[in-house]
Every structure is written in structure tokens, then in C-alpha cells.
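1. with the sequence up front, the predicted model follows.
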Amino acid sequence: MAISIENYMKIAGFYNEMARVLSAICVEKGGIAMENYVGRFFAADVLEYIVEYGNRLKKSGTKIPDNVADVMNLFEKQFENVKSLVTPNQKPIYEMTLEEFEKIMNI
């Protein structure tokens, strides 16, 4: 997937929709707090990926509109709060091959 603003916004849209679903799951499971839901680890991994994608987009020299830069900054701030929840490994998830990811996740 080529690094582009359009792809970044698709990934950001996916994350926002996933956050709504995770919230609904917590409500459906009796109103458990998000910090007690096991899906929070996956959400942290996705957020890590989005932040790194944004960093690479910035480094590519692409002109980033102000509204997209605001979204990037918001995700960076959110990631700081959940950084400790990402999948532990020697290599960041966004640098893994599919095979490495499957091995780490025991798929």
C-alpha cells in the first residue's frame, strides 16, 4: 500500500469505527470498563500503526492539509496514553512481515 493521505484517512476511519464497536462490546458485556477489556491491546496496536504511518507520511514530504495534521496530532496524543499496551516484541508491529506477525500472535 502506497503511503498517501487517502490511505491514512482510510486507516483512521477504520480505527474510529473499531473504537465505536469496542465500546459497544464493553456495554454489551455488562458495562465493563474499556481498560478491563482484552480488545484494548489490539486497539493499541492499531493506534501504533496509525501513528507510525502518519510519521512516514510526514517524512515523505507530502503536503498535509491542516485537518489531517490535526487528526495525526490527536492520534499521537491518544497513543501516548496506551503505549504500554502494545504487543511486546523486538520489532515494532508496523515493521513486521505477515509471517512474523502471525508467529508473535500465535496464529
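-> In hand now; what should we look at?
2. so where do the helices sit in the protein?
-> Along the chain, counting by DSSP state H, helices occupy 5-28, 40-59, 66-82, 98-104.
3. just these: most buried one?
-> Counting by mean count of other C-beta atoms under 10 Å, helix 40-59 has the highest mean neighbour count of these, with a mean of 17. (Each C-beta comes from the backbone N, C-alpha and C, glycine too.)
4. for that helix, what is the distance to the chain centroid?
-> 4 Å (C-alpha atoms, centre = their mean, to the nearest Å).
5. pLDDT (mean, whole number) over it?
-> Averaged across helix 40-59, the pLDDT comes to 92.
6. for it, packing partners?
-> helix 5-28, helix 66-82 (3 or more C-beta pairs under 8 Å, 6 or more residues apart in numbering; DSSP states H and E).
7. tell me how many other residues surround residue 87.
-> 15 (other C-beta atoms under 10 Å).
8. can you tell me which residues contact the nearest residue to it once chain neighbours are set aside?
-> Closest residue in space to residue 87, ignoring its immediate chain neighbours: residue 45 at 5.3 Å, by C-beta to C-beta, 6 or more residues apart in numbering. By C-beta atoms under 8 Å, 6 or more residues apart in numbering, the contact set of residue 45 is 86, 87, 93.
9. test my guess that the first one contacts residue 80.
-> No. With contact taken as C-beta atoms under 8 Å, residue 86 and residue 80 are classed as non-touching, separated by 11.7 Å.
10. okay, residue 105: pLDDT?
-> 73.
11. quick one, what contacts the nearest residue to it once chain neighbours are set aside?
-> Once flanking residues are discounted, residue 105 sits nearest to residue 87: 7.5 Å by C-beta to C-beta, 6+ apart. Counting by C-beta under 8 Å, 6+ apart, residue 87 makes contact with 41, 45, 93, 104, 105.
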